[in-house]
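> Test case, fold it:
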Amino acid sequence: MSNTIDQKLPSSLITRTISIWVTLIVVGVQLLLAKEPPDLPGQEITDEQYFEFKTSIDSIENKVPQTSTSSPTWLDQAAKTWDAPNISTQLAEDNEHQIQMGKGAIFIPCMSEPTMEPDVTILNTRGKIVVTGKGGRKYSLPPDEYRVIIGSGDRKQKIEERAVVTEGKVTTIVPTWSGLAIEIINEDNIPFRGEYELARIDRFEAYGRRTGRNPDLGENLKVWLLRPGVYKIIGVGENYNTLKNFVTVRLLPGEFTRYTLVQDENTLEILGGGTVQMKAETDITSFWKYGIDVGGSVDFNFEKDRHNDTIPVNDVNLSLISRFRLKFKKEPFDWDTRFKLDEGVKIEKFDPSLLRSSPDELRLRSIFTWNVLSWLGPYGRMEAITGVIPQRVRRPDLGPNDQYYFVLFDQSMNPSIAPTIDSIGESYRTQPSFSPVTFEAGVGANMNMLGTRYFEARILTGLGFTYERYWNEKTIGERKDVAIYIQADSLGGHQIGLKRIIDSSNNTILIEQDEDRSDLGPEILLNTILRVSKVATIESELKYFAPFNRIELPDLYWRLLVSWRVIRMVTLDYEYKYTLVQTREETLQQNESKHRVLIRFSYTSR
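Residues are numbered from 1 along each chain as shown. Presented below is the predicted three-dimensional model:
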């Protein structure tokens with residue numbers, strides 16, 4: 001008998017094992033012979049593109065209109081912010097540029113004045129420039145596909161749109177970009193040139209440096225055309241990620257934003273800013289607009305220090321500021337008039353005779369421009385400035401036995417003429433109402449000589465006149481070369497002796513004047529911008545003024561700025577300023593130059 005045990009595997013286990021191996025072999029063959037799957041639809045968003053894409057989408061989502069049939073489209077809503085008419089009106093008014101036979105056309109709308117916006121460039125499929133010009137008009141082109149370059153900044157910062165031209169039809173470029181005009185004013189709401197820099201926040205991308213406008217020279221604001229997003233307006237000299245001396249503005253697709261930037265006129269430090277309209281906006285007729293704003297305050301004060309037992313202080317402070325603006329605009333004419341009254345009054349001890357005022361300004365300014373050509377605009381201006389509240393000088397608080405004198409000289413300051421002496425008055429009027437009064441007028445021409453992608457040049461030339469009148473004013477002065485004597489006890493009727501008071505501290509010497517002054521002369525201002533490359537610009541501003549009464553001694557001002565973006569986060573600036581003032585008064589003369597080298601860094605971890 002055999003002790004061997006015969007063990008057999010179940011047939012079901014053998015069958016499952018064979019099936020698993022067959023399946024593995026089939027899958028392996030399929031993997032070896034398989035093809036790559038097709039690409040996913042859409043566009044891949046890189047890290048560099050993420051922030052720009054995020055900002056743009058966020059801006060658009062906030063402006064998407066309701067989908068009812070009666071609601072306007074987002075573009076109709078955006079066009080309400082434009083200074084220019086909507087697209088359909090611009091197309092209807094462009095009768096000058098018709099479609100040529102066998103061609104189509106591309107229409108590029110503008111949001112403001114076409115001459116104030118950057119040039120647009122149209123390229124063919126081979127990248128060759130076929131047209132360069134302004135927006136707001138049609139460009140007749142052969143049927144083909146084209147690339148339209150729009151916007152401010154260097155080539156990479158501009159907006160690119162594709163357009164297909166069909167024979168006999170107009171292809172309109174829908175403005176998905178944003179417009180921005182920045183008006184610079186001082187604390188008194190008076191526009192001046194100022195200076196600022198613009199950068200995009202999400203990538204700290206610098207778009208360049210720009211100034212405001214001088215309305216007295218008929219200048220208009222240049223308009224930025226930018227991608228939608230959040231931008232930073234920076235004071236000159238600050239780095240791009242500064243936490244001081246800056247403001248921000250959010251630009252939405254298709255909208256035109258008018259931004260008001262408040263700067264200190266001396267230091268150019270940014271004091272504030274926002275989308276606050278400082279222009280006349282209420283319609284009178286289709287061409288006339290006006291605006292009025294009035295504000296003020298009343299402040300009563302009473303102060304007594306019981307610990308030191310001082311004399312109580314009580315006064316009232318009044319302030320009033322009012323502005324009136326009137327504007328007429330009908331192409332090619334533009335007439336802007338502004339009236340301003342700014343008063344601050346302090347009445348001490350509630351006594352109207354002890355009135356002091358600061359500030360005290362009544363100003364009327366008007367400028368008329370006639371845009372004869374797109375590059376030429378003659379202008380005329382007028383301005384009147386004066387004060388309303390009389391000014392007085394008070395005698396100081398002296399002891400009961402101290403005598404104080406107001407000594408008044410006439411305008412000639414002739415030592416042989418005895419001065420007038422007042423020894424009993426509490427105050428003396430130094431400036432009457434409406435004195436001095438200054439009147440300015442001027443005419444000139446604003447010429448845009450050249451405007452290309454690489455070079456811009458503009459000349460402002462005009463003739464200005466200034467007239468200043470003093471009405472019986474008295475200024476505080478000194479007369480140490482003249483000895484003044486009065487009777488020491490003249491008020492008591494006794495002549496004990498003479499007392500010299502000119503060197504005494506118990507007197508105020510006033511010099512009376514009643515005169516007028518005028519000045520007339522030509523002025524020329526040359527502004528140029530040269531874009532050497534995508535990362536370097538050279539800006540120059542040259543001003544020449546030669547009053548006729550000293551035409552051989554003109555004034556000169558020159559500013560040169562060379563800006564080079566070394567890398568994305570580093571910018572190198574060189575600035576040179578030269579000032580020459582050759583007045584006949586030696587104390588007012590200037591002859592100085594300033595050099596400045598600035599390296600600015602910016603860094604973000606995003």
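
> So what's the gap between stretch 535-543 and the chain middle?
18 Å (C-alpha atoms, centre = their mean, to the nearest Å).

> Same check on stretch 521-538?
18 Å.

> Buried ones in that stretch, by neighbour count?
Using 16 or more other C-beta atoms under 10 Å as the test for burial, stretch 521-538 gives 521, 522, 523, 525, 526, 527, 528, 529, 531, 537, 538. Backbone N, C-alpha and C define where each C-beta goes, glycine included.

> quick one: the third one and residue 462 touch, right?
Yes. Using C-beta atoms under 8 Å, residue 523 is in contact with residue 462, at 5.7 Å.

> how much space between residue 570 and residue 88?
For residue 570, the distance to residue 88 equals 47 Å [C-beta to C-beta, to the nearest Å].

> circling back: which one among the buried residues of stretch 521-538 sits at the bottom for pLDDT?
pLDDT across the buried residues of stretch 521-538 is at its lowest for residue 531, which sits at 79.

> so what's that residue up against?
154, 453, 454, 455, 537 (C-beta atoms under 8 Å, 6 or more residues apart in numbering).

> now swap in residue 518 and tell me
The neighbours of residue 518, taking C-beta under 8 Å, 6+ apart as the test, are 465, 466, 467, 468.

> Extract the C-alpha trace of the helix or strand containing the last one and format it as CSV.
Using DSSP states H and E, the element containing residue 468 is strand 455-469. Listed next in CSV are the C-alpha coordinates belonging to strand 455-469 (Å, rounded to 0.1, in the frame of the first residue of the first chain):
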residue,chain,number,x,y,z
PHE,A,455,8.6,110.8,-30.1
GLU,A,456,6.2,113.6,-29.1
ALA,A,457,6.7,117.3,-29.3
ARG,A,458,4.5,120.2,-28.4
ILE,A,459,5.0,124.0,-28.4
LEU,A,460,3.0,126.4,-26.4
THR,A,461,3.6,130.0,-27.3
GLY,A,462,1.7,133.2,-26.3
LEU,A,463,1.8,136.8,-25.1
GLY,A,464,0.9,137.5,-21.5
PHE,A,465,-0.1,140.8,-19.8
THR,A,466,-0.3,141.5,-16.1
TYR,A,467,-1.6,144.6,-14.3
GLU,A,468,-1.5,145.1,-10.5
ARG,A,469,-3.1,148.0,-8.7
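
> neighbouring contacts of that strand?
With C-beta under 8 Å, 6+ apart, strand 455-469 has contacts from 217-219, 379, 435-451, 515-531.

> Repeat that for stretch 164-176.
With C-beta under 8 Å, 6+ apart as the criterion, stretch 164-176 contacts 75, 78, 87, 91, 99, 102-109, 111, 138, 141-146, 148, 150, 159, 161, 163, 228, 253-254.

> Please name the bridge partners of residue 259.
Per DSSP bridges, the residues bridged to residue 259 are residue 182.

> give me every residue that touches the residue nearest to residue 565 when sequence neighbours are not counted.
Counting by C-beta to C-beta, 6 or more residues apart in numbering, residue 565 lies nearest to residue 535, which is 4.2 Å off, once chain neighbours are set aside. Taking C-beta under 8 Å, 6+ apart, we find residue 535 in contact with 154, 564, 565, 566.

> which one of those sits closest to residue 242?
Nearest to residue 242 out of the contacts of residue 535 is residue 565 (C-beta to C-beta; 17.0 Å).

> any idea which helix or strand carries the closest one?
For residue 565, the host element (DSSP H and E) is strand 555-567.

> Off-centre distance for that strand?
Using C-alpha atoms, centre = their mean, the offset of strand 555-567 from its chain centre is 19 Å.

> now stretch 566-579
So, by C-alpha atoms, centre = their mean, the centroid of stretch 566-579 is 21 Å from its chain's centroid.

> Next: stretch 359-370.
18 Å.

> neighbouring contacts of that stretch?
The contact list for stretch 359-370 (C-beta under 8 Å, 6+ apart) reads 188, 215-216, 218, 332-344, 377-389, 391, 446.

> Type out the PyMOL command that picks the buried ones from the residues you listed.
Buried subset of these, written as a PyMOL selection, criterion 16+ other C-beta under 10 Å:
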select buried, resi 215+216+218+334+335+336+337+338+339+340+341+342+343+344+377+378+379+380+381+382+383+384+385+386+387+389+391+446
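
> Which residue ranges of the protein form helices?
Applying DSSP state H to the chain gives helices spanning 11-33, 47-61, 74-79, 87-93.

> Would you mind listing the buried residues in stretch 77-84?
By neighbour count on 16+ other C-beta under 10 Å, the buried set for stretch 77-84 is 78, 79, 81, 82, 84.

> Stretch 99-106 too?
99, 103, 104, 105, 106.

> Filter those down to the ones in strands?
Counting by DSSP state E, the buried residues of stretch 99-106 place 104, 105, 106 in strands.

> contacting residues around the last one?
So the one you mean is residue 106. Contact analysis of residue 106 by C-beta under 8 Å, 6+ apart lists 122, 138, 139, 141, 146, 148, 163, 165, 170, 171, 172, 173.

> Need these in CSV (columns: neighbour count, pLDDT and distance to residue 598).
Formatted as CSV, the contacts of residue 106 follow (neighbours: other C-beta atoms under 10 Å; pLDDT from 0 to 100; distance: C-beta to C-beta, whole Å):
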residue, neighbour count, pLDDT, distance to residue 598
122, 22, 94, 37
138, 20, 92, 44
139, 24, 93, 41
141, 20, 94, 44
146, 20, 95, 41
148, 20, 95, 36
163, 20, 93, 41
165, 21, 94, 46
170, 16, 93, 48
171, 18, 93, 45
172, 17, 92, 43
173, 20, 93, 38
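
> Which of these fall in strands?
Per DSSP E, the subset of those in strands is 122, 138, 139, 141, 146, 148, 163, 165, 170, 171, 172.

> Can you show me the strands along the stretch 401-550 of the chain?
405-409, 420-422, 427-431, 437-451, 455-469, 473-476, 485-487, 498-500, 507-513, 516-531, 536-545 (DSSP state E, counting those that start in this stretch).
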